[in-house]
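Student: Could you look at this predicted model? Sequence included:
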Amino acid sequence: MSRDNFDMTTKETLAKRVGFRCSNPNCRKLTSGPQIDSAGSINIGVAAHISAASLGGPRYDSQLTAEERKSIDNGIWLCQNCAKLIDNDPVLYSSDILLEWKHLSEKAALLEIQNNGVINLVDDREIIKFFAQCLDRPAFQDPFDQEGSMENFDKAIEDTITAINTGALRARDGGVLQKSKGKAYLSNPLWRREMDAIGDLLRALRERYELAVRTNDIHLGSTSDERQFYCINDRQLGAWFDLTRAEILKIFSEICGEAGISSEFQFPRHRRFWRDR
């Protein structure tokens with residue numbers, strides 16, 4: 001069966017329109033860089049089809065013509081991991097979701113180009129206040145071994161990454177709780193770099209959690225009354241998660257201080273003191 005593949009020009013344009021970054025707002029990984037050979041370069045990006053290139057593929061739309069199927073409008077630039085992810089679960093990663101990713105990533109890339117170096121403190125402070133609301137949740141307050149649900153913890157981290165990147169804070173059902181602007185809109189380059197660092201740490205949390213589940217360092221059990229039974233088999237794991245979240249809040253607290261925003265971010269939020277009876 002023939003496939004309606006993109007030509008090389010379409011692939012290159014998709015990559016350039018997002019600054020060679022993965023279009024998944026939870027990833028945003030750079031997909032191109034140098035080889036050791038000074039004449040070569042590395043590419044880990046994929047021009048993925050939003051609607052499948054052939055019958056039977058993910059999100060296939062029979063109403064599209066062959067030309068529409070291989071046009072740039074049906075493409076999205078992703079890293080190899082995210083390209084595999086969207087095709088493994090086409091119901092979760094629908095065409096509408098992928099089109100939203102594409103729009104947000106192209107907008108973020110354009111903002112980086114348009115930034116003229118003038119700092120707008122008023123707008124930046126409003127964005128930082130929004131980020132403060134995103135981080136004001138149990139996933140950034142409670143020690144790891146006191147989490148009520150590991151799956152909810154992972155989802156909270158994912159939602160926070162999305163909110164910081166896109167400016168849309170979503171509820172568990174996917175509805176938008178609050179709308180602001182993503183970190184690409186920050187005009188202060190230092191704050192933008194620090195929020196990039198926070199984004200890297202948040203992604204590290206998700207990656208370490210997924211690895212721990214795969215290797216059974218965290219064993220997930222059943223859920224009852226919104227609490228999930230689980231067992232942490234690597235006791236050092238909890239300390240790593242706690243230290244990483246503490247570092248996130250430390251960086252963010254410094255941004256708040258520079259922005260003149262009152263904050264009490266610390267980890268854990270409520271310190272417990274024990275006494276001998």
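Tutor: Received it, and whenever you're ready, just let me know what you need.
Student: all contacts plus neighbour counts: C-alpha atoms, from now on.
Tutor: Noted.
Student: is Leu220 in a bridge, and if so with what?
Tutor: Tyr230 (DSSP bridges).
Student: Quick one: residues contacting it.
Tutor: By Cα atoms under 8 Å, 6 or more residues apart in numbering, the contact set of Leu220 is Met150, Val213, Gln228, Phe229, Tyr230, Cys231.
Student: Gly33 now?
Tutor: Gly33 touches Ser41, Ile42, Asn43, counting by Cα under 8 Å, 6+ apart.
Student: So the residue most central in space within the chain: helix, strand or coil?
Tutor: The chain has Asn26 as the residue nearest its centroid, 1.7 Å off, counting by Cα atoms, centre = their mean. Classification of Asn26 using DSSP: H, G, I helix; E, B strand; the rest coil returns coil.
Student: hang on, it packs against Ala163?
Tutor: No. Using Cα atoms under 8 Å, Asn26 makes no contact with Ala163, being 9.2 Å away.
Student: Pipe the contacts of Gly33 into a markdown table and attach neighbour count per row.
Tutor: Listed next are those as a markdown table, based on neighbours: other Cα atoms under 10 Å:
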| residue | neighbour count |
| --- | --- |
| Ser41 | 11 |
| Ile42 | 11 |
| Asn43 | 14 |
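Student: Looking at these, which one is closest to Phe140?
Tutor: Closest approach to Phe140 among those (Cα to Cα): Asn43, at 34.8 Å.
Student: For the closest one, give me the pLDDT.
Tutor: We have a pLDDT of 94 for Asn43.
Student: quick one: contacts for it?
Tutor: Contacts of Asn43 by Cα under 8 Å, 6+ apart are Thr31, Ser32, Gly33.
Student: got these as JSON lines, with pLDDT columns?
Tutor: Compiled in JSON lines, the contacts of Asn43 are given as follows (pLDDT from 0 to 100):
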{"residue": "Thr31", "pLDDT": "95"}
{"residue": "Ser32", "pLDDT": "93"}
{"residue": "Gly33", "pLDDT": "92"}
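Student: need these in CSV with secondary structure and distance to Leu186, can you?
Tutor: Below are the contacts of Asn43 laid out as CSV (DSSP: H, G, I helix; E, B strand; the rest coil; distance: Cα to Cα, whole Å):
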residue, secondary structure, distance to Leu186
Thr31, coil, 23
Ser32, strand, 24
Gly33, strand, 25
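Student: Tell me the one among the residues you listed nearest to His219.
Tutor: Using Cα to Cα, Thr31 comes nearest to His219 of the contacts of Asn43, at 33.0 Å.
Student: who touches the closest one in this structure?
Tutor: Here Thr31 is in contact with Phe20, Arg21, Cys22, Ile42, Asn43, Ile44, Gly45, Cys79 (Cα under 8 Å, 6+ apart).
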